[in-house]
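>>> Sequence and predicted structure are below.
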Amino acid sequence: MVLTLSARGGASGRDRGKSLKSRLSAVKQHIREKKREIELSQEKAAEILSDIDHLDQKSSRIHASIASLEAQKGHLVTSINAAQQKIASLESEIAAKRSAIRKRLVALFKLQQIGYLKVLLAADSPVDMEKRYTFINDIVGHDEQVMKGCIAQEHELVAEQNSYTAQKSQLEGLTATLRSQSSVLRHTKSRKAKMLADIRHSTETTRKVLRELQASEEALQRRVRSLEESSGAGTGFAAMRGRLLSPVKGRMEDVFGKTTSSMISSKGVLFKVRPDAEVRTVYEGKIVWTQWLKGYGNTIIIDHGSRYFTIYAHMGTVAVKTGDRVASGEVIGKAGDAGLDTGKTLYFEIRHGERALDPADWLHVR
């Protein structure tokens, strides 16, 4: 947590200026780190968007290839059906021709029983005999050639059909491969989209936390500066170094100057306490703040004069009000678990103007 006080006049003004510049430099460094974190997230998001775009392009090409293969497969199916129809027609034609040839063979068989020689000798002349012989041979040769042609044509059609079927099977295999690749691309794109959503959510969360912390610090800085301007004359607070009362009974964790989980350099200490532990003033003074402060919870600020302030945050209950005068060791409320930290705690700071003082050097903790 960060609390900021201002200083006034002469050397104090110069000290305040130096301290303020140092603090502003630290704050700017934190802001630069947060901005760089956001920039890296945006770069990663841009990279993922580019990957998604490439996936979309590749997916589009695969879908176009699938459509082309489906069209080719459609043409092959048409060709296969046409070939099957031709084969069926040719088989019918072959069957008809075989029937006709069978009849002729029966006739020739009967003729053979009668005797070719009788048929030939029945001719009126040698020329007629030669014609009869040639006619019989032509019939047999023609039937043989017709059958051979039909059978050869049938074989060609079957081979053509088998070729179409093989091509169709190959196209189906290619289509299945492309569909598998398309499925992988969809899953990859889905995973990339989730990564992108996570990065965007994380970036927005970082921005929100940064805005809230900056707003909390600025609000407290303005308030404490105004309180410092009205700080009264000293009553001996400086002489109490190492002898101040503990603000609460509990275990003190010296986190002064360390970076907290909120990425802010701590300017105080934490006390781990039992539930409803009483919080007491470490020294007499005047209550100048008793309100909720975002990031700190219920907060009490006491002006001890000579620009010395003590700050009590994460209060569960507040038993005083602004303007009250309090004595050393007076109960001002009970510890709670409000604010950014968790568990029953009291956050405590000591300030002298702009400068935060390490409470471990001022408190007499037994």
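Looks like it arrived, so ask away.
>>> buried residues in stretch 279-287?
Of all the residues in stretch 279-287, those buried under the rule 16 or more other C-beta atoms under 10 Å are 279-287. No exception for glycine: its C-beta is placed from N, CA and C like everyone else's.
>>> Stretch 187-201 now?
Under the neighbour-count criterion of 16+ other C-beta under 10 Å, stretch 187-201 has 189, 192, 195-196, 199 buried.
>>> how about those residues in JSON lines, adding distance to residue 147, pLDDT and secondary structure?
Below are the buried residues of stretch 187-201 laid out as JSON lines (distance: C-beta to C-beta, whole Å; pLDDT from 0 to 100; DSSP: H, G, I helix; E, B strand; the rest coil):
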{"residue": "189", "distance to residue 147": "62", "pLDDT": "76", "secondary structure": "helix"}
{"residue": "192", "distance to residue 147": "67", "pLDDT": "77", "secondary structure": "helix"}
{"residue": "195", "distance to residue 147": "72", "pLDDT": "82", "secondary structure": "helix"}
{"residue": "196", "distance to residue 147": "73", "pLDDT": "80", "secondary structure": "helix"}
{"residue": "199", "distance to residue 147": "78", "pLDDT": "81", "secondary structure": "helix"}
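>>> picking that back up, which of the buried residues of stretch 279-287 lies closest to residue 362?
In terms of C-beta to C-beta, no member of these lies closer to residue 362 than residue 282, at 7.8 Å.
>>> surely the closest one meets residue 363?
Yes. Assessed by C-beta atoms under 8 Å, residue 282 is found in contact with residue 363 at 6.9 Å.
>>> Can you tell me which of the buried residues of stretch 279-287 end up in strands?
279-280, 285-287 (DSSP state E).
>>> For the residues you listed, which two are the farthest from each other?
Every pair of these checked by C-beta to C-beta; the farthest is 279 and 286, at 16.8 Å.
>>> domain ranges for this structure?
49-200, 230-366 (automatic domain parsing).
>>> Give the helix, strand or coil label for residue 276.
coil (DSSP: H, G, I helix; E, B strand; the rest coil).
>>> Against residue 248, how distant is it?
To residue 248, residue 276 is 11 Å away according to C-beta to C-beta, to the nearest Å.
>>> Looking at those two, which has the bigger crowd around it?
Under the neighbour definition other C-beta atoms under 10 Å, residue 276 and residue 248 were set side by side, and residue 248 has more, 21 against 11.
>>> just checking, that one touches residue 336?
No. In this structure residue 248 lies outside contact range of residue 336 using C-beta under 8 Å: 11.3 Å.
>>> Residue 192 against residue 52, yeah?
Yes. Between residue 192 and residue 52 there is a contact at 5.2 Å, judged by C-beta under 8 Å.
>>> Which stretches in the stretch 1-150 of the chain count as helices?
10-114, 116-121, 126-229 (DSSP state H, counting those that start in this stretch).
>>> Compare these and say which comes out lowest on pLDDT.
With a mean of 53, helix 116-121 has the lowest mean pLDDT of those.
>>> Quick check: neighbours shared by residue 282 and residue 363?
244-247 (C-beta atoms under 8 Å, 6 or more residues apart in numbering).
>>> of those, closest to residue 158?
residue 247 (101.3 Å).
>>> The closest one in helix, strand or coil?
coil.
>>> So it versus residue 318, what's the distance?
14 Å.
>>> try residue 91
104 Å.
>>> okay, these two: which has more neighbours?
Ranked by neighbour count (other C-beta under 10 Å), residue 91 and residue 318 place residue 318 first, with 19 against 13.
>>> Which strand residues bridge the more buried one?
When bridges are taken as DSSP bridges, the partners of residue 318 come out as residue 333.
>>> For it, give me the pLDDT.
95.
>>> for it, what are its contacts?
With C-beta under 8 Å, 6+ apart, residue 318 has these contacts: 290, 298, 300, 332-333.
>>> Next: residue 87.
Contacts of residue 87 (C-beta under 8 Å, 6+ apart): 154, 157-158, 161.
>>> let's see 6 Å
By C-beta atoms under 6 Å, 6 or more residues apart in numbering, the contact set of residue 87 is residue 157.
>>> And it, how far from residue 172?
22 Å.
>>> now do residue 39
For residue 39, the distance to residue 172 - C-beta to C-beta - is 50 Å.
>>> Of those two, which one has the most company?
residue 172 (14 against 11).
>>> how much space is there between that one and residue 65?
Distance from residue 172 to residue 65, by C-beta to C-beta: 14 Å.
>>> what do you get for residue 336?
For residue 336 relative to residue 65 (C-beta to C-beta), the value is 66 Å.
>>> Which one of those two is surrounded by more residues?
Higher neighbour count among residue 336 and residue 65: residue 336, with 22 against 16, using other C-beta under 10 Å.
>>> for the nearest residue to that one once chain neighbours are set aside, helix, strand, or coil?
Of all residues not flanking residue 336 in the chain, residue 316 sits nearest, at 2.4 Å (C-beta to C-beta, 6 or more residues apart in numbering). Under the three-state scheme (three-state DSSP), residue 316 adopts strand.
>>> So what's the residue count around residue 242?
Neighbour tally, residue 242, other C-beta under 10 Å: 9.
>>> Just confirm it is within a strand.
No. The assignment for residue 242, made by three-state DSSP, is coil rather than a strand.
>>> Need phi/psi at it.
Main-chain torsions, residue 242, degrees, to the nearest 10: phi 80, psi 0.
>>> now residue 326
Per degrees, to the nearest 10, the backbone of residue 326 is at phi -130, psi 150.
>>> didn't it look like it was pressed against residue 280?
No. The criterion here is C-beta atoms under 6 Å, and residue 326 misses it with residue 280 at 9.1 Å.
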